[in-house]
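Chemist: sequence-free structure coming up:
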């Protein structure tokens, strides 16, 4: 590659020209993919550098949920679509109430399948969307590659005014100081392989951050036991089979015993798990879980102490 053309400098790092991918269109397909893969490999390290801030956001979200509040995601374009996806997947994976994590996307539901590019520039729409949805008990996570999307920033300002905890995830560290958020998760992914295409490295970073954020929140909320998904909603044959396998792994009980426990518990995996681990009756296991707000380890401590 020639490397002779100077890089274009603009406000956001994600919009700058990437010297490593110049003249990529002249290369054979395999070389194109190798370069893209090399760029992708820089993203997890960039996310790793922002883990302390991400941990603060997780703790704020957990405090909100434990206090009876909700978690809200706010994004536009790719950021919004990734937020909608993450929120939707938590329901079957962890059997959480549908309103625990709510995603708000600039342009509304239709923007999930078809781009509504001008929607992201409407700060008032973001403020109206979130201002009517949050209370001081909630937590709001805004996502924007540039760190300056008006819709997202408007939503965060409205959330802050309502007394909600707030965080901003951005791929623009240069905008962190002016962000209207309690926590700024600045993941420096740098220039994109295709200039300005923030569905690439910035989008990958947002996917990693969202997945880690929501998984850590679910773990802290007791929706797992060890590394097992004991709160999953078994909505199909695959997941029903998985509940039995989870019980077998967690308890070392034989498959028929696990199936009997599940049946006696009305399909409730946590109740069957506590029953098998402690030997108490199904009803007593269910009572202990209710008292422990669904947290298996708390229920086990109460029953064995």
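Modeler: Great, that's in hand. Here the structure is a predicted model, which means the values were calculated and not measured. Residues are numbered from 1 along each chain as shown.
Chemist: how near is residue 54 to residue 168?
Modeler: 12 Å (CB to CB, to the nearest Å). The way it works is simple: take the backbone N, C-alpha and C, and place the C-beta from them, glycine included.
Chemist: cool, residue 279 as well?
Modeler: The value you get for residue 279 to residue 168, if CB to CB is used, is 49 Å.
Chemist: quick one, which of the two is more surrounded?
Modeler: Comparing residue 279 with residue 168 by other CB atoms under 10 Å, the one with more neighbours is residue 168, at 28 against 10.
Chemist: what about that one, which SS state?
Modeler: Assigned by DSSP: H, G, I helix; E, B strand; the rest coil, the conformation of residue 168 is strand.
Chemist: surely it touches residue 187?
Modeler: No. Residue 168 is beyond contact range of residue 187, at 11.0 Å (criterion: CB atoms under 8 Å).
Chemist: before we move on, back to that, any shared contact partners between residue 54 and residue 168?
Modeler: Common neighbours of residue 54 and residue 168 (criterion: CB atoms under 8 Å, 6 or more residues apart in numbering): residue 185.
Chemist: return the residues in contact with the closest residue in space to residue 293 that isn't next to it in sequence.
Modeler: Spatial nearest neighbour of residue 293, excluding adjacent residues (CB to CB, 6 or more residues apart in numbering): residue 222 at 7.1 Å. Contacts for residue 222 (CB under 8 Å, 6+ apart) come out as 292, 293, 294, 295, 296, 297, 298.
Chemist: what about 7 Å?
Modeler: Shown in contact with residue 222 (CB atoms under 7 Å, 6 or more residues apart in numbering): 294, 295, 296.
Chemist: now do residue 125
Modeler: Shown in contact with residue 125 (CB under 7 Å, 6+ apart): 119, 151.
Chemist: same thing with residue 208?
Modeler: By CB under 7 Å, 6+ apart, the neighbours of residue 208 are 43, 44, 47.
Chemist: measure it to residue 293 for me?
Modeler: Note on residue 208: its distance to residue 293, by CB to CB, is 29 Å.
Chemist: same question for residue 29.
Modeler: Distance, residue 29 to residue 293, by CB to CB: 53 Å.
Chemist: more neighbours: these two, which one.
Modeler: Applying other CB under 10 Å to residue 29 and residue 293 shows that residue 293 carries more neighbours, namely 11 against 7.
Chemist: and the pLDDT for that one?
Modeler: With respect to pLDDT, residue 293 has a value of 90.
Chemist: ok, now residue 259?
Modeler: Here the pLDDT value assigned to residue 259 is 93.
Chemist: hang on, the earlier thing: among the contacts of residue 208, name the ones in strands.
Modeler: Of the contacts of residue 208, none are assigned to strands by DSSP state E.
Chemist: buried subset of these?
Modeler: Buried residues within the contacts of residue 208, counting neighbours by 16 or more other CB atoms under 10 Å: 43, 47.
Chemist: reformat the contacts of residue 208 as TSV; add distance to residue 233 and pLDDT.
Modeler: Formatted as TSV, the contacts of residue 208 follow (distance: CB to CB, whole Å; pLDDT from 0 to 100):
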residue	distance to residue 233	pLDDT
43	31	98
44	30	98
47	28	98
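Chemist: so how far is the longest helix along the chain from its chain's centroid?
Modeler: Longest helix in the chain, counting residues (DSSP state H): helix 201-220. Computed by CA atoms, centre = their mean, to the nearest Å, the separation of helix 201-220 from the middle of its chain amounts to 4 Å.
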